[in-house]
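>>> I'll drop the sequence and a predicted model, then ask my questions.
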Amino acid sequence: MVMKSLLLFCCTTALLYSPTVVHSMSEEHRLEQRQKHGYNQWPPTVVPNTPGWNRIMNRRFEQISRIRNRDDKWNAWVAIMTSALIATNYTENGWGLTRAPD
């Protein structure tokens, strides 16, 4: 029992007094880097940056901002980020529909 207590004391002391090094940037440096890399605009530029696609995506951004349920809003943001910023649209209407051959 004494050995367990001594071991626990030594481990706790070693953890509490060991040098902890945390490398983090200051808020000023973070904002500077954000500006440097172009992350300072909202809403971000959509891909492709055409008038029609911008209109559709801005309408969707507005619709999402009115969602009250946090989970639904999160899911909508994840979906819109993929379609607006990451994946380019494949037709002039986005993910367009077409008739399959008979």
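All right, it came through fine.

>>> ok, which stretches of the protein are helices?
2-17, 27-36, 51-65, 70-81 (DSSP state H).

>>> out of those helices, which is closest to Ala87?
Closest of the helices of the chain to Ala87 is helix 70-81, at 9.8 Å (criterion: CB to CB). Every residue, glycine included, has its C-beta placed from N, CA and C.

>>> and that closest one, average pLDDT?
The average pLDDT within helix 70-81 is 90.

>>> could you shift the numbering so residue one becomes 557, and keep it that way?
Taking 557 as the first residue, the last one we looked at is helix 626-637.

>>> contacts for it?
The contact list for helix 626-637, computed with CB atoms under 8 Å, 6 or more residues apart in numbering, reads 613, 616-617, 619-620, 623.

>>> by neighbour count, which of these wins?
Comparing those by number of neighbours (other CB atoms under 10 Å), Met613 comes first, having 22 neighbours.

>>> got the contact list for it?
Taking CB under 8 Å, 6+ apart, one finds 599, 602, 636, 639-640 in contact with Met613.

>>> and the contacts of helix 626-637 as TSV, adding pLDDT and distance to Phe565?
Below are these laid out as TSV (pLDDT from 0 to 100; distance: CB to CB, whole Å):
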residue	pLDDT	distance to Phe565
Met613	86	60
Arg616	90	59
Phe617	88	57
Gln619	94	59
Ile620	92	54
Ile623	95	53
